[in-house]
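# Fold the stuff below for me.
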Amino acid sequence: MAFYRQVGEVPPKRHTQFRKPDGGLYYEELMGEEGFSSDSSLLYHAGVPSAIVDSQVWDLPDLATVANHPLTPRHLKLHDLFTETSKSNAVEDRRLVLGNGDVRISYVVAEQPSPYYRNAIGDECVYVEKGSATVETVFGVLNAVQGDYVIIPRATTHRWLPGPEGVHAYAIEANSHIAPPKRYLSRYGQFLEHSPYCERDLHPTIEPLVVEGTDVEVLVKHRGNGAGGIVGSRMTYATHPFDVVGWDGCLYPYTFNVSDFEPITGRVHQPPPVHQVFEGYNFVVCNFVPRKVDYHPLSVPVPYYHSNVDSDEVMFYCGGDYEARKGSGIGLGSISLHPGGYAHGPQPSAIEASLGAERFEELAVMVDTFRPLELGEGGQAVDDGVYAWTWAGRRKN
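As a prediction, the model looks like this:
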């Protein structure tokens, strides 16, 4: 997204000498996407950003998945994944819920600072379900609160420092970049008037974070032959990676709060694309926020039954009362998985109950994927085992 920013000190001309107060040179790093043909930023380091003194194996959490076969809609109760949180951190203790070759969805409840971390596989979109955190990055500091999406570009070194109440985080890890939908943007990257949010709603870093130190370990998730083609390394840097005195460009981390999303409504039920907030390769992210609902005199406010012929739908219920799922056991902290090839929609009792409603006070984050999702160890651990039969009210003996 071509939204230029400058933070801290940078020289008047790029790729020219920029000297420290003692006369030595700062080291310029170009961090860019798609092989020098897309958005980038220039960062100015006090130390050499390539100087490592050690590299060891980082044994990643369990990233293995199993197919959703036979085809089954599922209800996963994420709040059952963490009962003891005092020793958990937001990087190493994520539990994989669902995943495929394009995106992985994890959940974590963390109270401890995370290690320094870099995801070299793809961008991360981390939704803060509850609590707060300070996210220190090579670009500066982000303050993340409940309802924030934290967008962290691929290969950004950062760490999570949970607030006093800890942080409950829903991590969407891509194998690609994550950005606002193209239809919201002009050909030059400005948000258009029909977009449900704009540049004013994005909150990037505002000043550099400069930390001194030597022999600093950074956990790096990168491409390899592990589960899902992902492996980990512990790389030790000669000087602290947070030594950037200034940067400028169009690539950087930021937060966006779900409360700043302006819902698009109509006289009859609107399709899920009106709720879209971000997109990656082969998946989209949508949010369903409190809103006025359909106002045709004969409207049916809950969704019609629909077949996801090209995608799997994952809905994470994180606030309010989701009208379409009443009578199914779905509650806060629940995920519903409706796989492609299966027609799904509201619980039958919810249809009549919704008639005449003027508002829905619901909050949910949805991920639609265009390749089938498989179950991670976390998803398998909290599958309620009965959701699939709630439309019929029984299971065949």
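
# give me the low-pLDDT residue ranges for the protein?
Along the chain, the model assigns pLDDT under 70 to residues 1-2, 85, 323-327.

# Longest strand in it, by number of residues?
strand 158-174 (DSSP state E).

# quick one: buried residues of stretch 249-259?
For stretch 249-259, burial by neighbour count (16 or more other CB atoms under 10 Å) applies to 249-258. From N, CA and C alone the C-beta is placed, and that goes for glycine too.

# What are the structural domain limits within the protein?
5-63+80-258, 261-391 (the TED database).

# mind listing what's buried in the longest strand of the chain?
158-163, 166-174.

# May I have it as PDB, with CA atoms only?
Taking Å, rounded to 0.1, in the frame of the first residue of the first chain, the C-alpha atoms of strand 158-174 are listed here in PDB:
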ATOM      1  CA  HIS A 158       9.800  -7.800  16.600                       C
ATOM      2  CA  ARG A 159       8.700  -9.000  20.000                       C
ATOM      3  CA  TRP A 160       5.500  -9.000  22.000                       C
ATOM      4  CA  LEU A 161       5.400  -7.600  25.600                       C
ATOM      5  CA  PRO A 162       1.900  -8.400  27.100                       C
ATOM      6  CA  GLY A 163       0.200  -5.800  29.200                       C
ATOM      7  CA  PRO A 164      -0.900  -6.300  32.900                       C
ATOM      8  CA  GLU A 165      -3.800  -8.600  31.900                       C
ATOM      9  CA  GLY A 166      -1.800 -10.500  29.300                       C
ATOM     10  CA  VAL A 167      -2.900 -10.800  25.700                       C
ATOM     11  CA  HIS A 168      -5.200 -13.200  23.900                       C
ATOM     12  CA  ALA A 169      -4.100 -13.300  20.300                       C
ATOM     13  CA  TYR A 170      -5.500 -14.800  17.100                       C
ATOM     14  CA  ALA A 171      -2.600 -15.100  14.700                       C
ATOM     15  CA  ILE A 172      -3.200 -15.300  10.900                       C
ATOM     16  CA  GLU A 173       0.200 -16.200   9.300                       C
ATOM     17  CA  ALA A 174       0.400 -15.900   5.500                       C
END
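
# Would you format the buried residues of stretch 249-259 as CSV with secondary structure and distance to Ser336 included?
Converted to CSV, these look like this (DSSP: H, G, I helix; E, B strand; the rest coil; distance: CB to CB, whole Å):
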residue, secondary structure, distance to Ser336
Gly249, strand, 39
Cys250, coil, 36
Leu251, coil, 34
Tyr252, coil, 34
Pro253, coil, 30
Tyr254, strand, 29
Thr255, strand, 26
Phe256, strand, 24
Asn257, strand, 24
Val258, helix, 18
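
# need the contact list for Asp201.
By CB atoms under 8 Å, 6 or more residues apart in numbering, the contact set of Asp201 is 256-257, 260.

# likewise Glu33?
So Glu33 contacts 39-40, 153-154, 177, 251 (CB under 8 Å, 6+ apart).

# and these, which of them are in strands?
Reading strands off the contacts of Glu33 with DSSP E, I get Ser40.

# Selecting buried members of the contacts of Glu33 in ChimeraX, what would you type?
Only the buried entries of those go into this ChimeraX selection, using 16+ other CB under 10 Å:
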select :39,153,154,177,251
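
# From Gly47, how far out is the residue nearest the centre of the chain?
Central residue of the chain (CA atoms, centre = their mean): Cys125, 2.0 Å from the mean position. For Cys125, the distance to Gly47 equals 30 Å [CB to CB, to the nearest Å].

# so where does Ala238 fall, helix or strand?
strand 230-239 (DSSP states H and E).

# Contacts for that strand, please.
46-48, 51-60, 63, 121, 213-226.

# Surely Asp383 is in contact with Asp80?
No - using CB atoms under 8 Å, Asp383 is not in contact with Asp80; the gap is 10.1 Å.

# Who has more neighbours out of these two?
Asp383 (18 against 12; other CB atoms under 10 Å).

# Hmm, Glu193 and Leu185 touching each other?
No - if you go by CB under 8 Å, Leu185 and Glu193 don't touch, sitting 11.5 Å apart.

# Neighbour count: those two, which is higher?
Using other CB under 10 Å, the more surrounded residue of Leu185 and Glu193 is Leu185, with 17 against 7.

# partners of that one in the sheet?
Leu185 has the following beta-bridge partners by DSSP bridges: Phe191.

# Now the lengthiest helix in the chain: buried residues?
The longest helix of the chain (DSSP state H) is helix 348-354. For helix 348-354, the neighbour count (16+ other CB under 10 Å) marks 350-351, 353-354 as buried.
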